[in-house]
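Chemist: Compute the structure for the input listed below.
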Amino acid sequence: MAPSVVLVTGVSRFIGAHLAARLAADPSIDRVIGVDTFPPSRELLRGMGRAEFIRADIRNPLIAKVISSAEVDTVLHTSLSSNPGVSGGRVAMKEMNVIGTMQLLAACQRSPRIRRLVLKSTTAVYGSSPRDPAIFTESMTPKALPAGGYAKDAAEIEGYVRGFARRRPDVSVAVLRFANFVGPRIDTAMTRYFTLPVVPTVLGYDARMQLLHSEDALAVLEQAAREDLPGTFNVGASGVLMLSQAIRRAGRVQVSLPDSVVGPVARLFRSTRLLDFTSEQMRFLNFGRVVDTDKLRNTFGFTPRWTTTQAFDDFVQGRQLRPVISSAQLSAMEKRVLATARAIR
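Modeler: Predicted structure coming up:
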């Protein structure tokens, strides 16, 4: 059944706002409502078209009034935050992620009109560890349970959503576990990391990274809003990039640091507001993570337009990243090193 009234959470951020805009551009959908605790930027708000913005905190039980009075039949929950700095700290982030989701699900459970619920989750629920399998399928569990942060929040939230699905079997529930987003328009901790002139990595590690273009992410969410596609799906592009390969493709300079100094360097970046990497993001950059997407292609019916490499290259080109060291400078350095080596012999 096609949606009639759609509610999108988290519209003050890129994914939520652009998803609301895509749905609002469809004349077959009667109404699109976007909610968040603070308004989107003027640019995002203009791009949302006829979508309506309601300033509402999903942690507040009043979200039930919004859903019932608007006669919402489809909910897309995209407001999960992975950045404590943006969310006002780890405590506030957990409240918004977990408590907010619980209140939203309670409101959905009480509404007889709800027919479809889509959760934007993350592949971070699988964790990142040296004992991980080469590829995670949807039926696998992490080798080490997330100890905290966004990954733990997402795992708890998925549990609450499964409980909601059992209590409301009449509602089509889709859980989409997304790989890390990249793209020329989206701003994340990952994209900021690769725009640093000098990119710190951990000595002895070279993670396998599976990414997803932000436009593919929007297309998957849009399809999930329109069609009854219940289940849990890994969402990632085909192929992988090694961390070192990505750094070279971005034209950055890689500096490998001993594991003992990574923590102080990360704290320095956070204090200067250059970068705010959480502990699970740091583990991802150490061990990487790759998921199986056969179910996405064969059951959900979606094939990402960009591969991991193509998505990353589009990010590099769209941001107009230029090599920190030009090919001429690199060639000159190589010649000097060779000349020095010959002189030593």
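
Chemist: For the stretch 151-300 of the chain, give me the ranges with low pLDDT.
Modeler: In the predicted model of the stretch 151-300 of the chain, residues 265-278 satisfy pLDDT under 70.

Chemist: go with 80
Modeler: For the stretch 151-300 of the chain, the stretches flagged by pLDDT under 80 are 259-281.

Chemist: L76: what's it in contact with?
Modeler: Applying CB atoms under 8 Å, 6 or more residues apart in numbering to L76 gives the contacts 6-9, 19, 118, 120, 221, 224-225. For every residue, glycine as well, the C-beta is placed using N, CA and C.

Chemist: dump the residue contacts of the closest residue to V66 other than its chain neighbours.
Modeler: Among residues not flanking V66 along the chain, A56 sits closest, at 5.6 Å (CB to CB, 6 or more residues apart in numbering). Applying CB under 8 Å, 6+ apart, we find A56 in contact with 35-37, 62-63, 66.

Chemist: at 6 Å what do you get?
Modeler: Going by CB atoms under 6 Å, 6 or more residues apart in numbering, A56 touches 35, 63, 66.

Chemist: From L321, how far off is the first one?
Modeler: Relative to L321, V35 is positioned 35 Å away (criterion: CB to CB, to the nearest Å).

Chemist: okay, M1: pLDDT?
Modeler: Listed pLDDT for M1 reads 73.

Chemist: So what's the residue count around it?
Modeler: Per other CB atoms under 10 Å, the neighbour tally for M1 reads 11.

Chemist: Report how many residues lie close to the closest residue to it other than its chain neighbours.
Modeler: Closest residue to M1 apart from its sequence neighbours, by CB to CB, 6+ apart: R115 at 6.3 Å. Applying other CB under 10 Å, we find 18 residues neighbouring R115.

Chemist: does R115 really touch V75, like I thought?
Modeler: No: in terms of CB atoms under 6 Å, R115 does not count as a neighbour of V75; the distance is 9.6 Å.

Chemist: And P264, how close does it get to L257?
Modeler: Remark: distance between P264 and L257 (CB to CB) = 10 Å.

Chemist: Including distance to G148 and secondary structure, could the contacts of L76 go into CSV?
Modeler: Conversion of those to CSV gives the following (distance: CB to CB, whole Å; DSSP: H, G, I helix; E, B strand; the rest coil):
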residue, distance to G148, secondary structure
V6, 33, strand
L7, 29, strand
V8, 28, strand
T9, 23, strand
L19, 28, helix
V118, 26, strand
K120, 20, strand
L221, 27, helix
A224, 28, helix
A225, 31, helix
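
Chemist: Just put those residues in a markdown table and tack on neighbour count.
Modeler: As requested, the contacts of L76 are exported to a markdown table (neighbours: other CB atoms under 10 Å):
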| residue | neighbour count |
| --- | --- |
| V6 | 27 |
| L7 | 30 |
| V8 | 32 |
| T9 | 26 |
| L19 | 30 |
| V118 | 27 |
| K120 | 25 |
| L221 | 25 |
| A224 | 27 |
| A225 | 24 |
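
Chemist: ok, which stretches of the stretch 1-150 of the chain are helices?
Modeler: For the stretch 1-150 of the chain, the helices defined by DSSP state H, counting those that start in this stretch cover 14-24, 42-47, 63-70, 84-87, 90-94, 100-110, 149-167.

Chemist: just flag whichever of the ones you listed has the lowest average confidence.
Modeler: When the helices of the stretch 1-150 of the chain are ranked by mean pLDDT, helix 84-87 comes last with a mean of 63.

Chemist: Dump the contacts of A56 into JSON lines; add neighbour count and distance to L296 as well.
Modeler: Listed next are the contacts of A56 as JSON lines, based on neighbours: other CB atoms under 10 Å; distance: CB to CB, whole Å:
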{"residue": "V35", "neighbour count": "24", "distance to L296": "27"}
{"residue": "I63", "neighbour count": "22", "distance to L296": "30"}
{"residue": "V66", "neighbour count": "17", "distance to L296": "31"}
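
Chemist: how about the strands in the stretch 151-300 of the chain?
Modeler: With DSSP state E, counting those that start in this stretch as the criterion, the stretch 151-300 of the chain has strands at 172-178, 180-182, 198-202, 208-209, 211-213, 231-235, 241-242, 253-257.

Chemist: Show me the contact partners of the third one.
Modeler: With CB under 6 Å, 6+ apart as the test, strand 198-202 has contacts from 247, 252-257, 259, 262, 265, 286.

Chemist: Next, format those as a markdown table and append neighbour count.
Modeler: As requested, the contacts of strand 198-202 are exported to a markdown table (neighbours: other CB under 10 Å):
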| residue | neighbour count |
| --- | --- |
| I247 | 21 |
| R252 | 21 |
| V253 | 14 |
| Q254 | 15 |
| V255 | 13 |
| S256 | 13 |
| L257 | 13 |
| D259 | 11 |
| V262 | 18 |
| V265 | 14 |
| N286 | 19 |
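
Chemist: would a markdown table of these with distance to G148 be doable?
Modeler: Below are those laid out as a markdown table (distance: CB to CB, whole Å):
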| residue | distance to G148 |
| --- | --- |
| I247 | 28 |
| R252 | 29 |
| V253 | 32 |
| Q254 | 28 |
| V255 | 28 |
| S256 | 27 |
| L257 | 23 |
| D259 | 20 |
| V262 | 18 |
| V265 | 20 |
| N286 | 17 |
